[in-house]
Each structure stands twice: as C-alpha cells, then as structure tokens.
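Participant: Dropping the sequence and predicted coords here.
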2 protein chains.
Amino acid sequence: MAEAVAPTTAERVRAAALSLFAERGYHGTGIRQLADAAGLSSASLYHYMGTKEELLVAIMRTSLTRLVDAGEEICADPALTARERLVALVEMHVRTHARSPEETRVVDDEVRALSATSRGEIVALRDRYEDLWQATIDEGVRSGSFRVETPALARRALLEMCSGVARWWVPSGPLSLDELADEYATMAVHLVRA
Amino acid sequence: MAEAVAPTTAERVRAAALSLFAERGYHGTGIRQLADAAGLSSASLYHYMGTKEELLVAIMRTSLTRLVDAGEEICADPALTARERLVALVEMHVRTHARSPEETRVVDDEVRALSATSRGEIVALRDRYEDLWQATIDEGVRSGSFRVETPALARRALLEMCSGVARWWVPSGPLSLDELADEYATMAVHLVRA
DNA sequence: GGCTACCGATCGATCGATCGATCGGGCATC
DNA sequence: GATGCCCGATCGATCGATCGATCGGTAGCC
C-alpha cells in the first residue's frame, strides 16, 4: 500500500480542480466553487496557482506526460511484435483511463477551452502519443500481421474506443480492471484482424 | 437539388447556436456571441428562443430524435440478420456523425450542462438509442453469429468508436462518406467476430 | 523582522435576461 | 385612396448576479 501522506494544500487545489473540471467542465466551474472544494477562499487560491487556465494546463500536462512516458516505454522494447505492442498499448491506455477517468476526461474534453498558446503545447503532446499508436499499427500492417485498409482510421477508431472507458467504468461494476483490459485488448486485435 | 429557401430568423439562431456550442461549448458561448453570429441584438434573440438552456435542449432533442427514428426503422425490419442490422446501424451512425458533426458533438459533450430536469429527457432519448444497439448485439450473441464475452462492453466500444468520426472526418479528406461507412462497418463486424 | 499562509473586500468585465420603446408593413374602416 | 390601428420584429439600455483576478492586510511561525 502507498503511505497515506497528508496532501499539501497545492495538491488539494489540484485535486479539487480535477474533479470539478471533469464534472462540470472548465467554463462551468467558477473559482469560488474551486476554492470551496479546496477549503480555501478564492483569494487564497491564487497563492497556490497562477491563472485558472494555467491550472487546467498543468492538469493536462501531467496526465498527458504520464501517458506519453508509458507509451514510449512500451514502444521502446524491441522484443515486442506489433501485435504484442498493440495489446500492451491498449491495456495501458484502458487501465489509465479506467483508473483516472477524471484526468482523461479533462484532457479529452477541454482542449477547446485553452488559449492558442497553451493549446499548442497540449496538442503536441497528444500528437506524440497518438503517433506511437500509429507507428505500431503501421508496423503491423507492413509486416502483414494486421489487415486494415486505412491505418489512420484504425488508429482513430481504436483510440476513441479505448478512451470511452473513462466515461462509464466504475470499480464497483461487474468487470474488474484486469478483465476490462483483457477484453479491450481482444476487441482491438480482432478490429485490426491480427 | 433542394431548393435554396431563405432560412427564417429562428433557423439562423438555431444554426448559430449549433456551431458555437460545438466549437466553444455551451458555457463557453455567451448570448452576445450568439446574437452576433445570428445577426441580431442580444435582446432580439429572446424573441426567437426561450432561455439559453432551452435552445440547447431543442438542439439535442432534434438531433437525438432523428437518430432514434433512423435506428428504430432499421431495427423494425424483421428480414435482417443481426449482422446485417449491426452493419446498417454502424453505417447510419457513422454517416450521421460525419455529416452533422456539430450536432453530435453537442449531444455528446454538453449533457452535463443541462439542468436535472432537461437531462432526464435527453438521457432517456440517448438510452433508447443505445438500447437498439444493445438488442442487436444481444441477438447476434444469442444466435451464435457474434462472439463477444461482454455484450454491454462491445456496445460501448462500438458506439464510442463510431461517434469519434464526428471529431475528425472532413468531406475534403482522403476518405469519402461511403468509404468511411464501409470501413467502420468492416471494423465493427470484426470487433464482434461475426 | 521576514516569511508563508490565508482572507475580506473589491475591482472591472461579463454573464443571462428583461425593460420600455421604436419602426414598418398589413389590414380594416371610412 | 387615405386614415388609424395593430403587431411582429428589433434594439439600446440596463438589471442583478457572477465572473476571474487583485488589493491591502492579518495571524502565526522561524
């Protein structure tokens, strides 16, 4: 078990923002609600954060960076076949989305709330992650182990499919995290006809 | 060709709301922007609509009702096998989402912006539509033509996958509407191992 | 005294919504 | 055909509320 360290105030602010942004959306969340949820006044909030948008960007950056790192670790293993790599990507992606649905919902839904400057950075991170999937699918197609007509389309379909988990999976439901990841991996390999 | 009837002001308001809600989100769109886009003052806007939320509900209701009607028509045909029915649902869904991405994006993303009262109606419509897919998948599993372990999971994966089209497909892209619908149908039947 | 942590009060801007008023075209009446 | 009336359409002005953000300050600890 991880030790139950008392969270710092900055972490409480981050956590409050995360669940409020996920539940009501960025524009649907006021800084007074944010302050209430963090147990602070709206003025004190600004002791721990920059602007409201910087808070959003920080959340997105953390979440996306974690995803990119995990994805690159999988893709860096030269021993894996394309099929094994795809399975690993799907399982990692599904697990992450099921375990941290709030983070991934914010990342997926609130990109449009970003200013042009911030959006550039976040979209670049997202593209880097999606390129890992694309490369894996392309490799499978090239080696003949996947049979898909339009690899870019398969990538999009797979990612949308796997990300959806964040919108409905609950730990108390009938499916465990392991079963969930397994079934999605199975659906994915059939989708690309591996 | 459909005759180029001049749109009524009410239709212009609806169209402006549709594209703004889709682009910036419900909470990210002010009524003054709405008025500008419709070529009216913010006061005149209220001659053509109720509250801002009623406008959102009307957009969602129209879009979802169209989807439910089309889905029920497909499922009402007793001559179709489960596989044919699934293909028809996927093609209809993908076509609708590709052709009217704004409507479907608003429906998918802005449910959380609704008050509890409105949300009930909209979610009920959405559930009715999803039940059509579920029944089709269940029938395929029962008759042995689909091989999926958890039908509810396959339904969710399929719907998420197909809805994603609204987020990226453009008519000027490399894929025509027909090719898009075909490829998604192919991926779907492989996903359920038909 | 200097630092971190925190807050009440308040800023200007914007929010969704409503007010009373105006304008112009149709329509009945003379 | 001119007159008077009505009404849909439209707007500028403004409402109270809330927005994100900042100010000057206080309390307590090192």
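Facilitator: Great, that's in hand. Numbers count the residues shown, from 1 in each chain, chains lettered A, B, ... in the order given.
Participant: Run through chain A and note the low-pLDDT ranges.
Facilitator: Within chain A, the segments meeting pLDDT under 70 span A:1-6.
Participant: In space, what's closest to A:Asp109 - neighbours in sequence excluded?
Facilitator: B:Asp109 (6.2 Å; Cβ to Cβ, 6 or more residues apart in numbering or on different chains). Every residue, glycine included, has its C-beta placed from N, CA and C.
Participant: what do you get for A:Val123?
Facilitator: Sequence neighbours aside, A:Val111 is the residue nearest to A:Val123 in space, at 6.8 Å (criterion: Cβ to Cβ, 6+ apart).
Participant: Pull the number of nearby residues for the residue of chain A at minimum distance from DNA strand D.
Facilitator: Closest to DNA strand D within chain A is A:Gly30: 2.8 Å, counting by Cβ to the nearest atom of the strand. Neighbour count for A:Gly30, taken as other Cβ atoms under 10 Å in any protein chain shown: 13.
Participant: cool, A:Thr96 as well?
Facilitator: Per other Cβ under 10 Å, the neighbour tally for A:Thr96 reads 21.
Participant: Where does it sit, in terms of helix or strand?
Facilitator: helix A:82-99 (DSSP states H and E).
Participant: Next: A:Arg193.
Facilitator: Here A:Arg193 is assigned to no helix or strand, by DSSP H and E.
Participant: which non-adjacent residue is nearest it?
Facilitator: Nearest residue to A:Arg193, sequence neighbours excluded (Cβ to Cβ, 6+ apart): A:Arg147, at 4.1 Å.
Participant: quick one: secondary structure of the one you found?
Facilitator: coil (DSSP: H, G, I helix; E, B strand; the rest coil).
Participant: What does A:Asp77 show for phi and psi?
Facilitator: phi -80, psi 110 (degrees, to the nearest 10).
Participant: ok, it - contacts?
Facilitator: A:Arg85 (Cβ atoms under 8 Å, 6 or more residues apart in numbering or on different chains).
Participant: ok, now how distant is it from chain B?
Facilitator: Going from A:Asp77 to chain B by Cβ to the nearest Cβ, to the nearest Å gives 26 Å.
Participant: Ok, A:Glu121 next?
Facilitator: Relative to chain B, and taking Cβ to the nearest Cβ, A:Glu121 is found at 20 Å.
Participant: Pretty sure that residue sits against A:Val57.
Facilitator: Yes. Counting by Cβ atoms under 8 Å, A:Glu121 touches A:Val57, with 7.4 Å between them.
Participant: At the contact with chain B, which residues of chain A appear?
Facilitator: Residues of chain A lying close to chain B by Cβ under 8 Å from any Cβ of the partner chain are A:23-25, A:27-28, A:109, A:112-113, A:148-150, A:153-154, A:156-161, A:163-164, A:167-168, A:175, A:180, A:183-184, A:186-187, A:190-191, A:193.
Participant: related to what we said a few turns ago, pretty sure the residue nearest to A:Asp109 sits against A:Val111.
Facilitator: No. Judged on Cβ under 8 Å, B:Asp109 makes no contact with A:Val111 at a distance of 11.5 Å.
Participant: More neighbours: the two, which one.
Facilitator: Ranked by neighbour count (other Cβ under 10 Å), B:Asp109 and A:Val111 place B:Asp109 first, with 19 against 16.
Participant: Who's the closest spatial neighbour of A:Glu23, skipping the chain neighbours?
Facilitator: Spatially, and ignoring its direct neighbours in sequence, A:Glu23 is nearest to B:Arg112 (7.0 Å; Cβ to Cβ, 6+ apart).
Participant: related to what we said a few turns ago, what comes up buried for the helix holding A:Thr96?
Facilitator: For helix A:82-99, burial by neighbour count (16 or more other Cβ atoms under 10 Å in any protein chain shown) applies to A:82-83, A:85-98.
Participant: do stretch A:165-181 as well
Facilitator: A:165-166, A:169, A:175, A:180-181.
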